[in-house]
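Trainee: Sequence plus predicted model, see below.
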Amino acid sequence: MKNIIALFVLICIAPSCQKEEFDIVNLNNNRVLALGHGGMGIGHTYPMNSFESILNCLNLGADGTEIDIQMTKDSVLVAFHDESLEHSTNMSGQIFNKKWSEICNAVYTDLPYTNYRLITLDELFSTVANQTEYTFFLDCKNFNPDTSSAYLNTFNNALVKIIDDHHLENNVYIELKRKDFIKSLKTIRPALKIFVYNDFDVALEFVNEFQLEGITISIDNISKDEVKKAHNNGTMIAVFNAHSKNRNMDAIKKNVDFIQSDKVKHLIKTLK
Amino acid sequence: MNIKLFHIIILLLSFSCKAKSQLDTNYIAQNSIYIEAGGIGGYGSLNYERIIFIKEKLKIGMRIGVSTYNLTDYTIKFNPDIIIPIAINGVYGNKHKIVVGFGQTVSNIVEANRPNWEPKRKTNLHGNFTIGYRYQKDTGGIMVSCGYTPIIEFYNSYRHWAGILIGYAF
């Protein structure tokens, strides 16, 4: 009887001990990079894009992280996701209408009893040790209705300055959605690596038109065949919406190049 | 008087009160332990409650709990957030009871400290209130409860919040 129980336990435990092997073929030296989504991702106790969330993600052993960025009225780049401050902080209004001095004390309100604050990109990269060893995806959130070339240049110059000041040109990817932004940034700094964020077919057209590095897309909106098609075009693929363990696995099996995950620990453990 | 100090004095005084049962012949479970999802502990807490006053259907209990968000800080060192909800709850009824309570939550949370961005513990006090329903037999056993549990964070901002709990009275 004891032997039967032991055998049963062994059968139950054995599958969980197996580490799944992946036959990854991609443009990243056949390696999927494990990135955080705004740090530790949606649903973690640290708010997305907070210093604590980003540092937690990097210290866990992630290859890097995606960070959402917006620009204040006085041209300071801030790590923040939402269109309005009131959805997740104790302040209201939009970042492009505020000076940094007006919002520097804003506190995330996702979680009771906490006081996690907003951070500028300059503060972040000044603090992260060995920042050139990580991969950063900077998702440019442009909610400002001003589409003038002057505004685009101001935004992109602020971005280029941060990249230059912190020597990040080789390990930063810029995520943009709009054609005018891509054009403007390509004019200012052609060597920067840009990912376009759009539906697959539209994005592929952008990639070919502007000689971009890759496409950022939801894991739901791309198939393994489309990843292969992109790779055959010399285009890398980064996916987001990997907010469960199954989605992490799905993304790996699709041979994407970068996964921006909300389940960072699981992704790191699976890929290492 | 400072509102925080007032709450602390009320809570300390309540600790020194002895339970006075007027139903000496019937056993009344005066202790309970329970876990609460949401509620005044934040996302969830483990709690102990002791009845300190009984008069017919009215019972007044003192509650203390413990909760955390993260056991390690963002540098991955063991450095847990600590949240201690403390409250006085009045319950009225037989098996089906109304619960009304108030108290104070002590939070000791690890955050990045400007300008050096090193992890630093910060202790703060917050007010809490409870109004809800509780199923609990006087003689003990399983208890369940749900309620509206707003929090006055940092005695500065009002947060709508709710909790549901399950536990055992003995």
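Mentor: Perfect, I can see it now.
Trainee: make it CA atoms for all contacts and neighbour counts henceforth
Mentor: Noted.
Trainee: list the contacts for residue 48?
Mentor: Let's take chain A. Shown here is residue A:48, whose contacts under the criterion C-alpha atoms under 8 Å, 6 or more residues apart in numbering or on different chains are A:37-42, A:54, A:80-81.
Trainee: my bad, chain B
Mentor: Shown here is residue B:48, whose contacts under the criterion C-alpha under 8 Å, 6+ apart are B:31-34, B:63-65.
Trainee: Please point out which parts of stretch B:111-129 sit buried.
Mentor: If you call a residue buried by 16 or more other C-alpha atoms under 10 Å in any protein chain shown, then stretch B:111-129 has these buried ones: B:111-112, B:119, B:121, B:124-129.
Trainee: same deal with stretch A:163-179?
Mentor: Neighbour counts over stretch A:163-179 (16+ other C-alpha under 10 Å) mark A:163, A:168-169, A:171-177 as buried.
Trainee: quick one: terminal-to-terminal distance for that stretch?
Mentor: Using C-alpha to C-alpha, to the nearest Å, one end of stretch A:163-179 lies 21 Å from the other.
Trainee: Residues contacting that stretch, please?
Mentor: A:125-126, A:131-140, A:182, A:192-198, A:206, A:216.
Trainee: Quick check: residue A:75 vs residue A:142, distance?
Mentor: With distances taken as C-alpha to C-alpha, residue A:75 is found 13 Å from residue A:142.
Trainee: follow-up on the earlier one: buried ones only from the contacts of residue B:48, please, as a PyMOL command.
Mentor: When burial is assessed using 16+ other C-alpha under 10 Å, the buried subset of the contacts of residue B:48 is captured in PyMOL by this command:
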select buried, chain B and resi 31+32+33+34+63+64+65
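Trainee: Next to chain B, which bits of the stretch 1-150 of chain A? Give me the list.
Mentor: For the stretch 1-150 of chain A, the residues found near chain B under the criterion C-alpha under 8 Å from any C-alpha of the partner chain are A:45, A:51-53, A:55-57, A:59-60, A:111-116, A:127.
Trainee: Convert the C-alpha atoms of stretch B:42-53 to PDB, please.
Mentor: Presented in PDB, the C-alpha positions along stretch B:42-53 are these (Å, rounded to 0.1, in the frame of the first residue of the first chain):
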ATOM      1  CA  GLY B  42      -5.800  46.700   3.200                       C
ATOM      2  CA  TYR B  43      -5.900  43.700   0.800                       C
ATOM      3  CA  GLY B  44      -6.400  41.200   3.600                       C
ATOM      4  CA  SER B  45      -5.400  40.500   7.200                       C
ATOM      5  CA  LEU B  46      -5.300  37.800   9.900                       C
ATOM      6  CA  ASN B  47      -7.100  39.000  13.100                       C
ATOM      7  CA  TYR B  48      -7.800  38.200  16.700                       C
ATOM      8  CA  GLU B  49     -10.900  39.600  18.400                       C
ATOM      9  CA  ARG B  50     -11.900  39.400  22.100                       C
ATOM     10  CA  ILE B  51     -15.300  40.400  23.500                       C
ATOM     11  CA  ILE B  52     -14.700  42.900  26.400                       C
ATOM     12  CA  PHE B  53     -18.200  43.900  27.200                       C
END
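Trainee: related to what we said a few turns ago, closest to residue A:121 among the contacts of residue A:48?
Mentor: Distances from the contacts of residue A:48 to residue A:121 were compared by C-alpha to C-alpha; the smallest belongs to residue A:80, at 9.9 Å.
Trainee: Model confidence for that closest one, exactly?
Mentor: Here the pLDDT value assigned to residue A:80 is 97.
Trainee: all strands for the chain, in order.
Mentor: I'll assume chain A. Ranges of strands in chain A, per DSSP state E, are A:33-37, A:64-71, A:77-79, A:119-120, A:135-140, A:172-176, A:193-197, A:214-218, A:236-242, A:258-261.
Trainee: um, chain B though
Mentor: B:31-38, B:44-55, B:58-66, B:82-93, B:96-113, B:118-135, B:141-148, B:151-153, B:157-159, B:162-169.
Trainee: what does chain B put close to chain A?
Mentor: Contacts of chain B with chain A, taken as C-alpha under 8 Å from any C-alpha, map to B:42, B:69-70, B:73-76, B:107, B:109, B:111-112, B:116-117, B:124, B:126, B:153-154, B:159.
Trainee: ok, residue A:113 - contacts?
Mentor: Taking C-alpha under 8 Å, 6+ apart as the criterion, residue A:113 is in contact with B:42, B:107, B:109, B:124, B:126, B:153-154.
Trainee: Give me the distance between it and residue B:122.
Mentor: For residue A:113, the distance to residue B:122 under the criterion C-alpha to C-alpha works out to 10 Å.
Trainee: Name the residues contacting each of the two.
Mentor: B:107, B:109.
Trainee: Kindly present the contacts of residue A:113 as JSON lines, with separate columns for pLDDT.
Mentor: Written out in JSON lines, the entries for the contacts of residue A:113 read as follows (pLDDT from 0 to 100):
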{"residue": "B:42", "pLDDT": "95"}
{"residue": "B:107", "pLDDT": "98"}
{"residue": "B:109", "pLDDT": "97"}
{"residue": "B:124", "pLDDT": "97"}
{"residue": "B:126", "pLDDT": "98"}
{"residue": "B:153", "pLDDT": "96"}
{"residue": "B:154", "pLDDT": "96"}
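Trainee: Give the buried subset of those as a PyMOL selection command.
Mentor: With 16+ other C-alpha under 10 Å as the burial test, the buried ones among the contacts of residue A:113 are selected in PyMOL as follows:
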select buried, chain B and resi 42+107+109+124+126+153+154
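Trainee: Could you dump the contacts of residue A:113 into JSON lines and include distance to residue A:270?
Mentor: Putting these into JSON lines (distance: C-alpha to C-alpha, whole Å) gives the following:
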{"residue": "B:42", "distance to residue A:270": "31"}
{"residue": "B:107", "distance to residue A:270": "35"}
{"residue": "B:109", "distance to residue A:270": "30"}
{"residue": "B:124", "distance to residue A:270": "39"}
{"residue": "B:126", "distance to residue A:270": "41"}
{"residue": "B:153", "distance to residue A:270": "39"}
{"residue": "B:154", "distance to residue A:270": "40"}
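Trainee: Just give me the closest of the contacts of residue A:113 to residue A:30.
Mentor: For those, the residue nearest residue A:30 by C-alpha to C-alpha is residue B:109; the value is 41.1 Å.
Trainee: from what I can see that closest one touches residue A:114, true?
Mentor: Yes: counting by C-alpha atoms under 8 Å, residue B:109 sits close enough to residue A:114 to count as a contact (6.8 Å).
Trainee: residues near the residue lying closest to residue B:64 once chain neighbours are set aside, how many?
Mentor: Taking C-alpha to C-alpha, 6 or more residues apart in numbering or on different chains as the measure, residue B:64 lies nearest to residue B:86, with 4.5 Å between them; neighbours along the chain are not counted. Applying other C-alpha atoms under 10 Å in any protein chain shown, we find 25 residues neighbouring residue B:86.
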